[in-house]
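**Q** this is a predicted model, with the sequence first.
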Amino acid sequence: MQNTKQDHNFLYSFFYLVLFTMSLSIVSISIGMTIRVSQLMTLVMIGLVLLTDLKENRLNNVLLIFFVFFGILLTLISKNSSFAKIGEIKFIIKYLVLFPSIFYIAYWVIQNYKVDKFIEMIEKVLVAYLMMAFFLAIYPVSFLYNDRGELSGFQGTFLETGWFALVVGSFLLTSVLLRLDFKLKFSKWQYILYFISTISIVLSKNKTVWVSLLLILLFLIIIKSFISNRDIIKTSVIKLINFNSFNLVFLILVLVLVFFGVNSILEDPIVSIAMLEEKIQDERGKAFLVAINLLQNSNWIGGYGFGFIEQYFEVYTDEIIGLGGGSGMIFNSYLDIWISVSLIGLFFHILLLRISFSTSHLFTMIIPFYWFIAANTNPAIGSDYYYLFLGLSYGFIIKYKKELSI
């Protein structure tokens, strides 16, 4: 029993390391092949977690079979494609090993630790992300900061400003939602942390987070009308039932007003007419039309293979901003996976979202929805964070079911 507790304490501490290194986007090591330090930490931890679960006879075989089955299936679909591809093996390794590992680790952490201890961890990691961001904004250390020239900004150790904003937003929501779900108090330190996090998101000038927050509020208004008093017996989302719809609408209006107020006083606005025109004519709008054309040419089946996107846009004659050499995915993750590994790949991701979504908690409703929005506007399903947060949500769903059955 003592050894089990020591093992769990060690793995809990190790998870801190995994979460911190996940933000170190350009820090890698060579062990016969180049691997990001966070990926190495993830592989070490999943090995230890699986050994622990085997020893305690708690292995989630269904979850492992789910990932192995689809990982092999998507690999076969990709390999069956005769189209030229760049970095196909990278995607295959991710779907066979890395993505299942981070999802399982996240699930395991929720199963084995108290929620207040987990929230404390999330908040400490968020503080570390923010401290690094402010430090690198002043002293951009070359081996930590991904310098993208004019595209660089307030991004900390993340690959770019967009990823920094999405992840900080997700950690912020996690802290707030879980404290509401489990009726844990908010101290002045939490409010200070939330304020600094919000300022950091503003400094990143990312638009997706604000769109996500607006859509989340609209989503809550809609789903509120479908949850009856009878459902309260089965769900912990009592706060949503009791929340006045007018207040939700008021929050939307406040959020819109604050965003446009801040946007209007910035020297380089987050949103402008010129930026929107560029997005439609030379970036996402143009990429969307090309993606639809590729699907039409495959009779809406897709299946061009992992790595096809980068190869295709590298030789594409009409330049599209953000695509080409070095860009392995298009802006919409679900279109990307559909093009790459057919409707089966899209089905896999829909299933993943489904098992990670529940009305049992605000967290398990909002976090999957948040990442669903992010994945429709960014190549989010290529990020470890996507699987981390879906895995955390799945973990709470499973744990909550267990508690109901006791």
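**A** Thanks, I have it.
**Q** run through this protein and note the low-pLDDT ranges.
**A** Along the chain, the parts satisfying pLDDT under 70 run over 1-4, 32-33, 224-283, 316-326, 402-406.
**Q** can you map out the strands along it?
**A** Along the chain, the segments classed as strands by DSSP state E run 28-30, 34-36.
**Q** point out the most buried one among the ones you listed.
**A** strand 34-36 (a mean of 14; mean count of other C-beta atoms under 10 Å). Where C-beta positions appear, they are placed from N, C-alpha and C, glycine not excepted.
**Q** K399 contacts I110, doesn't it?
**A** Yes: under the criterion of C-beta atoms under 8 Å, K399 lies in contact with I110, with a separation of 5.8 Å.
**Q** so which of the two has more stuff around it?
**A** Under the criterion of other C-beta atoms under 10 Å, the comparison of K399 against I110 puts I110 first, with 19 against 16.
**Q** can you pull the contacts of the more buried one?
**A** I110 sits next to F118, L392, G395, F396, I398, K399 when contact means C-beta atoms under 8 Å, 6 or more residues apart in numbering.
**Q** contacting residues for the closest residue to it other than its chain neighbours?
**A** Taking C-beta to C-beta, 6 or more residues apart in numbering as the measure, I110 lies nearest to G395, with 2.9 Å between them; neighbours along the chain are not counted. When the contact criterion is C-beta under 8 Å, 6+ apart, the partners of G395 are A106, Y107, W108, V109, I110, Q111.
**Q** do F369 as well
**A** L215, I216, F219, F357.
**Q** count of neighbours near the closest residue to the last one other than its chain neighbours?
**A** Leaving aside its chain neighbours, F357 sits nearest to P368 (4.4 Å; criterion: C-beta to C-beta, 6+ apart). Neighbour count of P368, defined by other C-beta under 10 Å: 23.
**Q** then K188?
**A** If we define neighbours as other C-beta under 10 Å, then K188 has 7 of them.
**Q** and which of the contacts of F369 is nearest to T198?
**A** Top of the list for closeness to T198, among the contacts of F369 and by C-beta to C-beta, is I216 at 14.8 Å.
**Q** the closest one against Y370, yeah?
**A** Yes: in this structure, I216 sits in contact with Y370. The criterion is C-beta under 8 Å, and the distance is 6.4 Å.
**Q** which of those two has more neighbours?
**A** The residue with more neighbours, out of I216 and Y370, is Y370; 25 against 18, by other C-beta under 10 Å.
**Q** for S356, see how far away that one is.
**A** Distance of Y370 to S356, computed by C-beta to C-beta, to the nearest Å: 11 Å.
**Q** over to F118?
**A** 17 Å.
**Q** got the phi and psi for V141?
**A** When quoted as degrees, to the nearest 10, the phi and psi of V141 stand at phi -60, psi 130.
**Q** what is the neighbour count of it?
**A** V141 is surrounded by 10 other residues when neighbours are defined as other C-beta under 10 Å.
**Q** mind listing what the residue nearest to G156 when sequence neighbours are not counted touches?
**A** Sequence neighbours aside, A133 is the residue nearest to G156 in space, at 3.3 Å (criterion: C-beta to C-beta, 6+ apart). Contacts for A133 (C-beta under 8 Å, 6+ apart) come out as F154, Q155, G156, T157, F164, S200.
**Q** residues touching the fifth one, list them.
**A** Spelled out, it's F164. For F164, the contacting residues are Y129, A133, F154, Q155, G156, F158, S200, S204, N206, taking C-beta under 8 Å, 6+ apart as the criterion.
**Q** then the first one?
**A** F154 is in contact with A133, A137, T161, F164, S200, L203, S204, K205, counting by C-beta under 8 Å, 6+ apart.
**Q** now distance to F331 too, for those, in CSV please.
**A** Shown next, in CSV, are the contacts of F154 (distance: C-beta to C-beta, whole Å):
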residue, distance to F331
A133, 24
A137, 26
T161, 15
F164, 17
S200, 23
L203, 22
S204, 17
K205, 17
